[in-house]
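> Sequence below, structure please.
(4 chains)
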Number of protein chains: 4
Amino acid sequence: MTLKTKDEYIESLRGMRKRIFLFGEEIENYVDHPMIRPSLNAIAMTYELSHDPQHRELMTTTSNLSGEVVNRFTHLHQNTEDLVKKVKMLRLLGQCTACCFQRCVGMDSFNALDIVTYHMDRELGTEYNSRFRSFMKFVQQEDLVVDGAMTDTKGDRSLSPSEQPDPDLYLRIVAQAENGIVIRGAKVHQTGALNSHWLLVMPTRSLKEADKEYAVVCAVPADAEGVLYIYGRQASDTRKLEESQVDVGNSQFGGHEAVVIFNDVFVPWQYVFMCREHSYAGDLVEIFAGYHRASYGGCKVGVGDVLIGAARAISKCQGTDKASHIKDKIVEMIHLNETLYACGIATSTEGEKTSSGTYLIDMKLANVCKLNVTRFPYQIASIAQDIAGGLLVTLPSDKDFENPEIGPLLRKYLVGAKGYSTTYRQHMLRLIENLTIGAGAVGYLTESMHGAGSPMAQRIMLSRLANLDHKEQLAERIAGVANEPE
Amino acid sequence: MTLKTKDEYIESLRGMRKRIFLFGEEIENYVDHPMIRPSLNAIAMTYELSHDPQHRELMTTTSNLSGEVVNRFTHLHQNTEDLVKKVKMLRLLGQCTACCFQRCVGMDSFNALDIVTYHMDRELGTEYNSRFRSFMKFVQQEDLVVDGAMTDTKGDRSLSPSEQPDPDLYLRIVAQAENGIVIRGAKVHQTGALNSHWLLVMPTRSLKEADKEYAVVCAVPADAEGVLYIYGRQASDTRKLEESQVDVGNSQFGGHEAVVIFNDVFVPWQYVFMCREHSYAGDLVEIFAGYHRASYGGCKVGVGDVLIGAARAISKCQGTDKASHIKDKIVEMIHLNETLYACGIATSTEGEKTSSGTYLIDMKLANVCKLNVTRFPYQIASIAQDIAGGLLVTLPSDKDFENPEIGPLLRKYLVGAKGYSTTYRQHMLRLIENLTIGAGAVGYLTESMHGAGSPMAQRIMLSRLANLDHKEQLAERIAGVANEPE
Amino acid sequence: MTLKTKDEYIESLRGMRKRIFLFGEEIENYVDHPMIRPSLNAIAMTYELSHDPQHRELMTTTSNLSGEVVNRFTHLHQNTEDLVKKVKMLRLLGQCTACCFQRCVGMDSFNALDIVTYHMDRELGTEYNSRFRSFMKFVQQEDLVVDGAMTDTKGDRSLSPSEQPDPDLYLRIVAQAENGIVIRGAKVHQTGALNSHWLLVMPTRSLKEADKEYAVVCAVPADAEGVLYIYGRQASDTRKLEESQVDVGNSQFGGHEAVVIFNDVFVPWQYVFMCREHSYAGDLVEIFAGYHRASYGGCKVGVGDVLIGAARAISKCQGTDKASHIKDKIVEMIHLNETLYACGIATSTEGEKTSSGTYLIDMKLANVCKLNVTRFPYQIASIAQDIAGGLLVTLPSDKDFENPEIGPLLRKYLVGAKGYSTTYRQHMLRLIENLTIGAGAVGYLTESMHGAGSPMAQRIMLSRLANLDHKEQLAERIAGVANEPE
Amino acid sequence: MTLKTKDEYIESLRGMRKRIFLFGEEIENYVDHPMIRPSLNAIAMTYELSHDPQHRELMTTTSNLSGEVVNRFTHLHQNTEDLVKKVKMLRLLGQCTACCFQRCVGMDSFNALDIVTYHMDRELGTEYNSRFRSFMKFVQQEDLVVDGAMTDTKGDRSLSPSEQPDPDLYLRIVAQAENGIVIRGAKVHQTGALNSHWLLVMPTRSLKEADKEYAVVCAVPADAEGVLYIYGRQASDTRKLEESQVDVGNSQFGGHEAVVIFNDVFVPWQYVFMCREHSYAGDLVEIFAGYHRASYGGCKVGVGDVLIGAARAISKCQGTDKASHIKDKIVEMIHLNETLYACGIATSTEGEKTSSGTYLIDMKLANVCKLNVTRFPYQIASIAQDIAGGLLVTLPSDKDFENPEIGPLLRKYLVGAKGYSTTYRQHMLRLIENLTIGAGAVGYLTESMHGAGSPMAQRIMLSRLANLDHKEQLAERIAGVANEPE
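Residues are numbered from 1 along each chain as shown, chains lettered A, B, ... in the order given. Next up is the predicted model:
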């Protein structure tokens, strides 16, 4: 049953017994919870579009494992065309949801793990890759959402995992039995965790011998015993609980992050893909991060498209769209957004085949891509606020528009240019608010900063990947001088 | 009774019968309303500090009108030292409230009106300035908060007031009687309007003969008949209604803006300071904007100080404060923030005496100041988010920390560096969230963009004030060429 | 005789009788002139590397016209791989010359003309494309350098060509005979014109019916009668005439631009590829500009590599290379440089086949690419100056180092870190000077700003290519609102 | 004889016997040397304007030492008005010379030394301040130019002075006699050294006990025995040797830097103001740097005015001055330039009296000022190049315009908009070239980066001066949390 429909996906979640906490209380029916549902809708769009003939080419592909048509989110990339289509798929989904649709972390984890477990097997004689590929066939067959659970809480960042006062501040193996292992720890910033079928646990940093109990990769059903979810707050999150859809800005879609706690969770060997081989942890993190940094060159561009469209719409609504400075600001938004896209595309086309057959993006350009993503969305958002005007943050609530006394007055006074209703203006302002200073800004801005690693992580990678010695030699050749002691 | 105490101020508001709408309902007791109270607290700080011996020199001064000690917010600036102290007072208040404390618009309006009405009287033989100064004596005597009500809703911005399909889209005189006038219209983005004793109505743009019904300046008691207030929404505004103080970020202080509707409000002549003298409207707007653009070189710097402090605190909490890139980012925040301050100070010290005796800031530098304010807070906020890490937007609600099952787990896993509790981390992250993507960001970012005019307004002023011909002559002299036809 | 050697190329120029003016005098032997030779050396590198087995794959390809191996600079791109390899070839040449190697304008003109003449023939029944392809076979066979001569002098830019007081301010057809046409006008900023075998004349802007005499494309031998060259000055140009090679910074290579005047030059029909078909001029200019804007995503990146290498070398020389802020600044240079490269690559891989079979780059991304090129080299250069220190612009002349009294003193006092001689430091500082404030900065900075059109030209194209309506629809869909009058 | 005239100043230099090297040869008459004279002209402007009634208020003041009217460049600032007028004087001189006029380093050294020697005398019982003030009276009386000689060559920057392999890499005391000391070393980047009457030698960094031989401050006649000058090269420097004045861009004025070598120079005690008191070296350097960093908020603003004027002139010349993007770019130049000015002014008005009576600028704002100076001129220059167009770097030499065959053709084809001759265009383009990529860019750009310390030096000072603990407390108060261990 590959290629679940949107409805099948939603139903599949109903059957799971996850323990989820929100505002201090455990949630029974999270699928229909108004705070959570928009994030589920966003991920559901990855299913819906896979059945849309117009988008099928981007959304699906043929599995190298099974020969079946699978959702691209479960695919191991087999060529640079796959990598490019992935970026275009992500842009499309960003355009259709204007938020984080949460399924990329899993996809990027799959590809990273395939490469690293292949290396491990070849070098260590283990069988992790075959185990992992079996798991992947199952994921493809069932068209599952898998949360890549990487980021530990880290405690004092100047200390290594084993040096922390509390050994649990990084997730670790706490026991081993004949049939599997037991893990304990917490993963933070878990995008879309509640909407997942499985969790794919991975280490968050390179590890030394002393830290080897932290070198664990494994897959866990999302409702496994001992797994707890605590929902993360977002700006303006409770607007989703209000009756009005207008003030939410984006009433259908949204992202979410959760803290996921693993309280001594048992994992059978079948789902263990790394177990104390600490020297591979760094590679895994870097390769995953590489894929994920490149992915941002797609998804955030799609969200940017929506924000650019909203900025233009509000300028027309206010009668300022013909002003040269407004037009120029929109060009600047486009320019910045398309620069991100160019980075996403180039990172893909410059990708290369690895020994497992899975294609890896260009690591240097992936870091360049992400570093731009940590900057440009903030600039785009700031321009959008410039164009939108102050009403963006002073507009009364939609309920005021419904009040019989003041509603008509608000509609009278807040009317825009001919052809644009006050309601249209409300909707458009709330969308821009959502993306620049509301729940959408969590994904569009802060996640752009920190997702797949904060900017400094990209800078460190760049300094390593740039081959500075070669550049020095180029300079010496042009300068006509060799660096030799006198 | 000059120099009200904080408590006297609060009590003085209780006696007023304003009609205020919030979330579609009319509010009875707005003084104690949890959504509104923080903004009232912020303005109350302008009273509290005026009684603090440490800050008295900045907060108070001697009135040129009465010779009494008055709150500086009600003062007509009599020298550049007054202008400088104003900027320092605003920085202090920004530091103490981390939000917009709302009393500047009135202060800047007073000074602008004094200059312009003086000109009018001299040129037209009117008596607006003496009327206005009587009003000012009353304001000083009673230590009042006066809302400067300038921004009209504007409808289609490519049309002038009188060209709008609905003549009410700019506030106007709709009737005149022997004892006064009747005005109708709406003012938007009215900062602190609910916390004001009086409203000072002014036109929002330069006006031509055809628009002369829109050329009206007058003072109206904030609870005058026909005045309606509709509260503006802010990001994460309803967190103030939740029980927890932590998630608000800044639980004591906040700003607010309101739409204020004037439904045929009667104004006695005594409080009318411009009545159809359309050719003075432009000057008034420009001078007011000049003062207000300079003010941002104080208040936003104070808020910036808090954000810089929070960024450093969170870095210590996370054990990253010694990292060279973190230290450098904090230096960058300081640099940007102090550049704004330098602009505020220079705008003041370069101020000049006008014919009424009131000192006007340097108009060119005021626009330079504000243009930087439209940029640097966004950059500072983005750096703060960089330093704070992703937890800024994924932290569970404070209620989760109180849940008996997950609270202890969250405290265990989200612990920071030695000496910093998880609670401290929560508070600091929520404060940064407040200022960069929450209710505080409304004031710190979007208001920095649009308050006292959007950036393009400053650019237009700069091009007018820059004396480009002189610069061209300088260039020609250096180039050794005169611009003469061959 | 495809694939000329470097020496054959140089010899081929000796046979030409070009009329060249420099410093007010006509130059006899320009091939060996010390001011001009470095630019010739740079273009010669395009020949030299075509024979280098290591670079042959980038430098050469198989012609779709003849099936022969040709220099890629004479190739009509037949797939996106061709487009990508072009970018990589340009980066390589930038790395090997640290300057403009001048042969791209011809290459980009070839491809643009092939596309446009094909359209013309199909729509108008003309035979321009077959004429042009015959010319191209000759160019490939002889491995020629062809200067794309596009930019007119433009006079008053607010007037069209035919509106100018002097009709010659744009190049035009002044006469027509049975066997050909006569053209008059001047082309400015002609990169590498002196080093070319042929000139390919093209209009510089879109043209209307009234301007049709300006709609002319034709090829002219570079030493045709009536063609005059006036060499353009560059910063520090006469250092090439000094004996010392050190102070030049880049003593082997350099670019040049010339004013080329066409004093009633006769062109036989065989070499005329557009003759008054004014409606195609705009397309030609845009397509050429598209190609050329993309090319900058290669060549300037290569120059950037050299500058980054030089910055690192000088930091080691000064003992500052371990400082965290220096390392971070080098990372920033890399980041900016690779962003340009990513744009160049993506512009190529997103290219598409046109009806003539020639592949066109992605027009939107090409403009994005160039717009970044107008910015980042300036930032990279500024960082290089930061790292290099003030000695960059205060270093005495190399002749001082040779003076018996002060030479030893200078070598004593200006010594750097262990292992680095003062001579090495001199060379490296002079190279950075060359690229940031000397002759090299002409190509690396100012040409990056204006080559293939000034930034505003890219912005205008972006606004046209961005499909803003689609973005608005995306926003409306997310906002849940349709733009319909109430 | 206070207040020398311009001519008296020039004559005073003729009497000196300095040993100056340029291009490997010793120069006899440097006063009339065409390469050097423009820099002398620039400094002469500081004399000329002191006699101009229009500028006398800025250029002169009354000495606190003698009660006589003195040139402000020799003044010890006695109040903040002095500090403000200094900034305005520097802006004026920048406007009148468009280059570095070289006399500030001396002025800033005077004030720093007065403060530090006063502290020394008070704490150590020395008599340095009285010696120094005697010297100052002489400087004021004779209206001298004094070069502040601070920057040592530094060798390997990771080593302290006494750790260098060669002990002379920082200037030091090599011998002491009854009547004075002997110093040896070299000072680099010596702005205007050739045009000075005296050299004021100071240490370049804070020093420890082991480095105490390097803790020396003394005044030396500029033609003292053992002093050698080696002229530093600048971009396009030899254009000054060409006959044409056009191509120089700024034919009258320019700056210069020199390497000054002290070959065992004897200094009588009377002129020694610090001798081994190493613990005061750091203070001196910081205070000097503070003054000098503030000065840039004047001089570079004046040069910026010229560049803005030139950009506007060339846009009019090209018929693009009405284009909205050109107007907006000019506004941006103004904005950046005036921000620098605001920083210069605020640094002055926030200055404070020191114990010697001399006023010190605000140290924090001085570093903010300079840090902006390391950025904005580069941005302004880049915008100027954008406006100027490519002809900036491709314009033929002026000699070509004089050639009888091609001169008329160039004048025909390079004509601009109505009313602007080609000659005007030449001059204006050459001026912009001078300031953005020529000799003027040395002062306007690279010196802005490194003068008074490279940007990192300002950042280190800012982190020290920012009182981060106070900001943290502000944040904790707002967040409602105290930093206490759980």
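
> Kindly export the helix or strand hosting residue A:199 (C-alpha atoms) in PDB.
Element membership of residue A:199 [criterion: DSSP states H and E] is strand A:198-201. Extracted C-alpha coordinates of strand A:198-201, given in PDB (Å, rounded to 0.1, in the frame of the first residue of the first chain):
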ATOM      1  CA  TRP A 198       8.100   6.400  13.800                       C
ATOM      2  CA  LEU A 199      11.000   8.100  15.500                       C
ATOM      3  CA  LEU A 200      14.500   7.700  14.100                       C
ATOM      4  CA  VAL A 201      16.900   8.400  17.000                       C
END
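
> Return the distance of the very next helix or strand once past that strand from the chain's centre.
Using DSSP H and E, the helix or strand that follows strand A:198-201 in sequence is strand A:216-221. Put simply, strand A:216-221 sits 19 Å off its chain's centre (Cα atoms, centre = their mean, to the nearest Å).

> quick one: average pLDDT of strand A:216-221?
What strand A:216-221 shows for mean pLDDT is 98.

> Repeat that for stretch A:283-292.
When pLDDT is averaged over stretch A:283-292, the result is 98.

> ok, it near chain B or not?
No: applying Cβ under 8 Å from any Cβ of the partner chain, one finds stretch A:283-292 separated from chain B by no less than 13.2 Å. C-beta here means a position set from N, CA and C on the backbone, and glycine is covered the same way.

> Which positions in that stretch come out as buried?
Neighbour-count burial for stretch A:283-292 flags A:284-292 (criterion: 16 or more other Cβ atoms under 10 Å in any protein chain shown).

> now swap in stretch A:76-89 and tell me
In stretch A:76-89, counting by 16+ other Cβ under 10 Å, buried: A:76-78, A:80, A:82-89.

> Take the residues you listed and lay them out in a markdown table including secondary structure and pLDDT.
Shown next, in a markdown table, are the buried residues of stretch A:76-89 (DSSP: H, G, I helix; E, B strand; the rest coil; pLDDT from 0 to 100):
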| residue | secondary structure | pLDDT |
| --- | --- | --- |
| A:76 | coil | 98 |
| A:77 | coil | 98 |
| A:78 | coil | 98 |
| A:80 | helix | 98 |
| A:82 | helix | 98 |
| A:83 | helix | 98 |
| A:84 | helix | 98 |
| A:85 | helix | 98 |
| A:86 | helix | 98 |
| A:87 | helix | 98 |
| A:88 | helix | 98 |
| A:89 | helix | 98 |
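
> Which members of those residues define the maximum pairwise distance?
Using Cβ to Cβ, the two most remote members of the buried residues of stretch A:76-89 are A:76 and A:88, lying 18.0 Å apart.

> what helix or strand does residue A:229 sit in?
Assigned by DSSP H and E, residue A:229 falls within strand A:227-231.

> May I have whatever helix or strand comes next after that strand as PDB, with CA atoms only?
As assigned by DSSP H and E, the chain's next helix or strand after strand A:227-231 is strand A:257-268. The C-alpha trace of strand A:257-268 is given here as PDB (Å, rounded to 0.1, in the frame of the first residue of the first chain):
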ATOM      1  CA  GLU A 257       8.000  21.300  17.500                       C
ATOM      2  CA  ALA A 258       8.000  19.100  20.600                       C
ATOM      3  CA  VAL A 259      10.200  17.900  23.300                       C
ATOM      4  CA  VAL A 260      10.300  14.100  23.100                       C
ATOM      5  CA  ILE A 261      11.400  12.200  26.200                       C
ATOM      6  CA  PHE A 262      12.600   8.700  26.000                       C
ATOM      7  CA  ASN A 263      12.000   7.200  29.400                       C
ATOM      8  CA  ASP A 264      14.000   3.900  29.100                       C
ATOM      9  CA  VAL A 265      12.500   2.800  25.800                       C
ATOM     10  CA  PHE A 266      13.300  -0.700  24.600                       C
ATOM     11  CA  VAL A 267      14.400  -1.100  21.000                       C
ATOM     12  CA  PRO A 268      14.800  -4.600  19.400                       C
END
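
> what distance separates strand A:257-268 from the centre of its chain?
So, by Cα atoms, centre = their mean, the centroid of strand A:257-268 is 20 Å from its chain's centroid.
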